[in-house]
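In: sequence-free structure coming up:
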Ligand code: PCA
């Protein structure tokens, strides 16, 4: 990996020094965090292929999935500092930089695709502004399917989660684990399958799609379809890299980004159903949550929205108010 990064840096230096005048074709390395078969990755591969076609091969985007080039927590910085021109990030993981990134990770604020779409319409300009101030641009964002609760034992109320090792992917899932009186263990997606097989974790909240990526059925027997929230991945690109493109190529990237957002939302809804079936076909019990569990989660969700609002200032308040209208 180090060698690869050095090669990338050397290539970037060469490009900056002025590539040979005859070199019209360009290649962008794109780190992404999730598995090759995951619908986000498939959508990004489709976007890359479409850019290549639309530009007649002038811009080739080479996708590096599964956190193989950079780990998920490093990808945003890699784009921001110009190590790579483009990358994919799970937005909620950036809440320490700005809470507005994480409003889509609050339990039961927006828990259907229609609500997620409404929330994104309100959240989007804030995210665009934050990124612009850091020299980046949002190309597209796509939600994960609704988050479900997976555990190695039957869960009929939040009390059943007490003492479990609960995998978290951001600050808010970590907070939820605390409210369950479970032990939060923060692990990026690419390392979850191993953490499950070694018993480091025995419960988590994620989409059925991720359950499939993790082969969750090998250690977790229960999936509760609580549909708590739909966190989004975003694809970001550095402004410097965009501006270095000729106008036709730049327009192709932006236009294909728009299409990829639409296609991604449609794929997300399709896999939401299909991947629950895959979990069940592999022996997991895919169940509706008990009314008590729903009550518990709703109560914790309200508390977390209040806590988030307390830290998210006037902008946060404006977003939630507009959403609830
Ligand atoms: N999968 C990602 C984040 C949300 C989701 O559904 C994960 O498990 O890390």
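Out: Now that the structure is in, tell me what you want to look at. All of these numbers come straight from a predicted model, not from anything done at the bench.
In: which non-adjacent residue is nearest residue 270?
Out: Closest residue to residue 270 apart from its sequence neighbours, by C-beta to C-beta, 6 or more residues apart in numbering: residue 39 at 7.8 Å. Quick note: C-beta positions are derived from backbone N, CA and C, even for glycine.
In: Show the pLDDT at the one you found.
Out: Predicted confidence (pLDDT) at residue 39: the value is 98.
In: In stretch 198-207, which residues are buried?
Out: For stretch 198-207, a neighbour-count test (16 or more other C-beta atoms under 10 Å) marks 201, 202, 203, 204, 205, 206, 207 as buried.
In: Looking at it now, give me its mean pLDDT.
Out: Across stretch 198-207, the average pLDDT comes to 98.
In: do stretch 155-170 as well
Out: Stretch 155-170 carries an average pLDDT of 98.
In: Which ones, among the buried residues of stretch 198-207, also lie beside the ligand?
Out: Contacts with the ligand within the buried residues of stretch 198-207, counted by C-beta under 6 Å from any ligand atom: 206, 207.
In: Which two among the buried residues of stretch 198-207 are spaced furthest apart?
Out: 202 and 207 (18.4 Å; C-beta to C-beta).
In: From the ligand, how far off is residue 172?
Out: 11 Å (C-beta to the nearest ligand atom, to the nearest Å).
In: again, but for residue 245
Out: 31 Å.
In: How about residue 199?
Out: Residue 199 sits 18 Å away from the ligand, going by C-beta to the nearest ligand atom.
In: Residue 202 too?
Out: Distance from residue 202 to the ligand, by C-beta to the nearest ligand atom: 15 Å.
In: wait, that residue sits on residue 164?
Out: Yes: in this structure, residue 202 is within contact of residue 164 by C-beta atoms under 8 Å, at 5.4 Å.
In: The residue in the stretch 151-300 of the chain positioned nearest to the ligand: what's it in contact with?
Out: Nearest residue of the stretch 151-300 of the chain to the ligand: residue 207, at 3.2 Å (C-beta to the nearest ligand atom). The neighbourhood of residue 207, defined by C-beta atoms under 8 Å, 6 or more residues apart in numbering, consists of 144, 145, 146, 147, 148, 272, 275.
In: what do you get for residue 67?
Out: Residue 67 neighbours (C-beta under 8 Å, 6+ apart): 31, 32, 33, 188, 189, 190.
In: Now with 7 Å, please.
Out: Neighbour list for residue 67: 33, 188, 190 [criterion: C-beta atoms under 7 Å, 6 or more residues apart in numbering].
In: what does residue 43 give?
Out: Contacts of residue 43 (C-beta under 7 Å, 6+ apart): 142, 260, 263, 264, 267.
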